Structures are given as structure tokens and as C-alpha cells.
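*Asks:* No letters, just coordinates:
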């Protein structure tokens with residue numbers, strides 16, 4: 001009977017005494033003169049299985065030559081294990097080598113640094129750490145879809161190629177089919193009419209604008225896909241390619257948006273706790289002590305809501321020698337984010353930000369100085385989500401776009417949404433990798449995305 005490891009782990013009693021066939025990879029091979037042990041993993045479950053064989057097998061000498069990293073097919077009987085921390089083992093009757101692995105296979109059964117494993121990105125999912133991280137990534141993605149689908153949101157596939165200059169063209173990758181060595185010129189400038197789309201096109205930095213168009217038809221939508229930024233930043237939390245979750249909700253103000261953010265985040269965290277208990281226990285033990293308790297505490301927390309002005313007041317009155325002095329008209333620094341979540345002992349929504357440091361499409365408050373924007377700060381990770389109520393007044397949006405120097409010709413269609421049955425509406429964005437850093441305790445974005453794209457690094 002051919003089975004996956006996860007089927008056995010989910011119903012061990014059912015398989016005791018049964019003959020099974022397993023296919024997977026050798027994580028470790030401990031050879032003795034008359035017998036041997038193989039640590040086997042088929043990728044369907046986090047934990048390995050122990051395969052026991054002895055010299056009664058006719059292919060004993062060939063089995064002893066099997067190296068770490070090889071793929072094998074194992075025939076054997078599931079029996080109870082004499083070891084306390086191991087509920088069962090497989091007594092092999094036949095082991096067949098399917099794919100050999102050389103002696104210099106990079107992922108040997110020892111502790112490797114994360115820096116080394118980044119250089120082996122195509123093999124690192126076979127390690128315990130990345131086996132746990134990328135399964136959490138998979139489950140968290142499922143949780144996000146589960147939340148939005150169960151709340152009647154429509155999943156919209158917004159374009160990766162766009163002509164809309166939403167985040168500022170200096171932050172977006174430009175694309176072209178023109179020969180860069182022989183550019184067509186007109187009046188001293190590149191003649192973009194000769195390009196594939198006849199105009200400047202970009203690789204998108206957000207799905208928000210196109211998502212808003214669909215929210216005006218479906219009421220509640222979300223996007224979940226890759227986005228791209230040209231930031232030349234080498235921090236632990238920045239990458240040039242990353243995934244974003246961006247819901248847009250019609251007939252929703254800023255308070256309603258915060259309700260959604262809090263409910264969604266708690267749902268996703270609880271879903272991961274429920275569906276990845278083995279991985280979370282491993283990460284709690286070997287990556288971030290107290291990780292599980294941190295996640296459980298977030299689910300049980302009440303999120304504080306406070307204005308940017310009041311946050312800055314708290315920071316200014318704090319008896320702390322800040323590296324960056326807090327100011328009412330400025331963004332807050334990482335040290336401020338950390339302090340404010342510790343001050344309130346939990347997640348904090350910071351609302352009503354200075355309009356001069358926020359995007360042009362956000363609704364300006366009645367004071368004329370701030371916008372209806374919100375950032376969610378969580379303990380240990382800082383900013384996790386950013387959102388706002390969008391400006392629904394066409395004239396105000398047009399004036400704001402001019403004030404911020406936005407090329408109106410690229411967003412005229414977006415502004416027209418206000419002319420054709422527009423309504424008050426809100427949305428937020430959450431970087432998926434930022435969430436994964438929080439869920440796993442792994443503190444570098446390069447280690448929670450399968451093949452990271454960062455400055456001077458575009459391998460594989």
C-alpha cells in the first residue's frame with residue numbers, strides 16, 4: 001500500500017502492523033556493520049521517519065551505499081518503536097534507490113547557517129528550518145483566502161504590467177521591448193510610441209488602484225499576488241519582489257477598516273496555530289523562544305486605537321534618549337514602533353497621519369492637516385499593515401493629485417470612479433513576508449520567500 005507520511009502520522013494506530021510503500025528522500029543515514037537507520041522524509045509531513053534495515057536483506061550492501069539527499073522507495077512494515085520519543089518506525093523489507101546523490105551534496109545532516117542556505121536556495125526546503133517556514137507560508141496563504149472567501153470578498157487578479165503611476169515612477173520597474181542599444185528617438189527623447197504598449201509601462205508596485213475599480217462593482221474584493229519595488233535597500237525587511245494582500249471595501253470608513261484588519265489578522269494567526277502545530281513548536285524551540293505564546297497573545301488581544309498626534313505626544317513625554325527625535329509632522333521610527341507596542345502591551349492602530357507624508361489618494365480629514373490613514377503596529381515586528389479611507393470626492397482627489405505631482409494622464413480612469421457612482425470606501429495592504437516574519441520568528445525577509453530578489457541578488 002503506497003502512502004504519504006502525513007497519512008501515517010494522522011492515523012498511526014491504523015497502520016501498525018501494515019505493510020506500506022513510501023517514496024521520499026534520505027535526510028540522514030547511520031550505518032552499522034549488520035544493520036542501519038535511515039532518516040526518511042517525503043515532504044508531506046514535517047517530522048522524519050526512521051527506516052530500519054538489517055543484513056538479512058539481499059540488497060544490504062547496496063543499501064549501505066545510499067547517500068544523504070538520495071531519493072528512495074521503501075517497502076516495509078510499520079511497527080511500534082522502542083524509543084520513547086518515537087512512536088513508530090518502518091522495518092524495511094526492500095529499499096530501492098531512485099535518484100542518487102553525490103558525496104558533496106550541500107545539505108548534510110548538520111547545522112548550516114542561514115547565509116549559507118541562501119546560497120543553496122533551491123535545496124534549502126529540505127532542511128528542518130525551511131521545511132517549517134515554507135509550510136507555514138503555504139498554510140498562511142490558505143488562511144488569507146479562507147478568511148476573505150468566507151466573508152464574501154471577490155478575489156481579483158490585478159495586472160502585473162501597468163501604466164498607472166500609483167507609488168511614484170521612481171519606485172517602479174520600467175519595462176520595454178525596445179533595443180536599449182538602438183533606441184528610437186524623437187525630439188531628443190525616447191520615442192515610446194515605438195514600444196510594445198506605445199507608452200511607458202511599469203511592473204506594478206500595488207494592485208490597489210485596479211482593486212478599487214472592482215470594489216465599485218462587487219463591494220468587497222481582495223488581491224493577493226506579487227508586487228515589485230526598485231528600492232535599493234538592504235534591510236532585513238525589504239525586498240524588490242514580494243507578495244501583498246490588498247482588500248478594498250466599498251461603503252466602509254476607517255473604523256470599519258480597522259475592524260476588518262483586526263479580525264483578519266487574528267483569524268490567520270489562529271489558523272496557522274491550528275494547522276501547523278509541529279512547525280510552530282519547532283520554530284518556538286529553535287528560532288524564537290516564546291513564539292507560540294506571542295501568537296496566542298495576539299489572538300487574545302484587544303487592539304489599541306490612537307492618533308498619530310497622541311502617539312508622538314507619548315513618545316515626546318517618554319524618558320527615553322531617542323536616536324530619532326519624534327515629531328508631529330513626521331513618520332515614526334522603528335524604535336518608536338517598538339516603544340508604543342510595549343507601552344500598550346499589544347497591537348496598536350495609529351490613525352490620522354500628517355497628509356504630507358502619505359499618499360495622494362487618501363481622504364483628507366476636516367482639519368486639513370491629516371488624512372484618514374492607519375498603520376497597524378504589532379509587538380516584535382513593527383508595522384504590519386497600512387491602510388486608509390480613500391478620497392471619494394472627484395474634485396478633491398484631482399486637486400490632491402496635482403498637489404502631489406501625480407501624472408493625471410496615468411490615473412484619470414481611477415479618478416473617474418468618483419464620477420460614476422462613487423462612494424466612501426477604504427482599503428489596506430499587508431506585506432505577506434512581513435506577516436511570515438511575525439508568524440515564524442525568522443527575522444530576515446530573504447528567509448521567508450523561496451527565491452529572494454534583493455539588490456545585487458537575483459540568483460536562480
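*Replies:* Alright, I've got the coordinates. The shown structure was predicted, so the numbers you read here are calculated from the model rather than taken from an experiment. Numbering: from 1, shown residues only.

*Asks:* May I ask which helix or strand encompasses residue 22?
*Replies:* Per DSSP states H and E, residue 22 falls inside strand 19-31.

*Asks:* If you could redo that for residue 139, that was the one I meant.
*Replies:* Going by DSSP H and E, residue 139 is in helix 128-150.

*Asks:* and that helix, what does it pack onto?
*Replies:* Packed against helix 128-150 by the contact rule (3 or more C-beta pairs under 8 Å, 6 or more residues apart in numbering; DSSP states H and E) you find helix 114-118, strand 154-155, strand 220-228, helix 254-275, helix 277-286, helix 432-440. Using the backbone N, CA and C atoms, a C-beta is placed for each residue, glycine as well.

*Asks:* Throw these into JSON lines and include mean pLDDT, thanks.
*Replies:* Formatted as JSON lines, the helices and strands packed on helix 128-150 follow (pLDDT from 0 to 100):
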{"stretch": "helix 114-118", "mean pLDDT": "95"}
{"stretch": "strand 154-155", "mean pLDDT": "98"}
{"stretch": "strand 220-228", "mean pLDDT": "96"}
{"stretch": "helix 254-275", "mean pLDDT": "98"}
{"stretch": "helix 277-286", "mean pLDDT": "98"}
{"stretch": "helix 432-440", "mean pLDDT": "96"}
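
*Asks:* give the contact list for residue 430.
*Replies:* 244, 245, 246, 384, 385 (C-beta atoms under 8 Å, 6 or more residues apart in numbering).

*Asks:* So which residues of the stretch 251-400 of the chain form strands?
*Replies:* Counting by DSSP state E, counting those that start in this stretch, the stretch 251-400 of the chain has strands at residues 304-307, 348-354, 370-378, 382-390.

*Asks:* What residues sit buried inside the shortest one?
*Replies:* Residues of strand 304-307 classed as buried by neighbour count (16 or more other C-beta atoms under 10 Å): 304, 306.

*Asks:* Pairing partners for that strand, with directions?
*Replies:* For strand 304-307, the pairing partners within the sheet under DSSP bridges are strand 348-354 (parallel).

*Asks:* ok now the strand it pairs with, how far from the chain's centre?
*Replies:* The chain centroid and the centroid of strand 348-354 are separated by 23 Å under C-alpha atoms, centre = their mean, to the nearest Å.

*Asks:* Just the mean pLDDT for that strand, thanks.
*Replies:* In this model, strand 348-354 has a mean pLDDT of 98.

*Asks:* now do stretch 133-141
*Replies:* Here the average pLDDT along stretch 133-141 is 98.

*Asks:* Could you check how far residue 367 is from residue 332?
*Replies:* Per C-beta to C-beta, to the nearest Å, residue 367 is found 19 Å from residue 332.

*Asks:* more neighbours, the two?
*Replies:* Neighbour comparison, residue 367 and residue 332: the larger count goes to residue 332, with 22 against 10 (by other C-beta atoms under 10 Å).

*Asks:* So residue 121 versus residue 417, what's the distance?
*Replies:* For residue 121, the distance to residue 417 - C-beta to C-beta - is 41 Å.

*Asks:* Give me the more crowded residue out of these two.
*Replies:* Per other C-beta under 10 Å, whichever of residue 121 and residue 417 has more neighbours is residue 417, with 20 against 17.

*Asks:* Run through the residues that contact that one.
*Replies:* For residue 417, the contacting residues are 212, 213, 216, by C-beta under 8 Å, 6+ apart.

*Asks:* count of neighbours near the last one?
*Replies:* Same thing as residue 216. Applying other C-beta under 10 Å, I find that residue 216 has 18 neighbouring residues.

*Asks:* so how far is residue 441 from the residue lying closest to it once chain neighbours are set aside?
*Replies:* Residue nearest to residue 216 in three dimensions, not counting chain neighbours: residue 417, with 5.5 Å by C-beta to C-beta, 6 or more residues apart in numbering. Distance, residue 417 to residue 441, using C-beta to C-beta: 41 Å.
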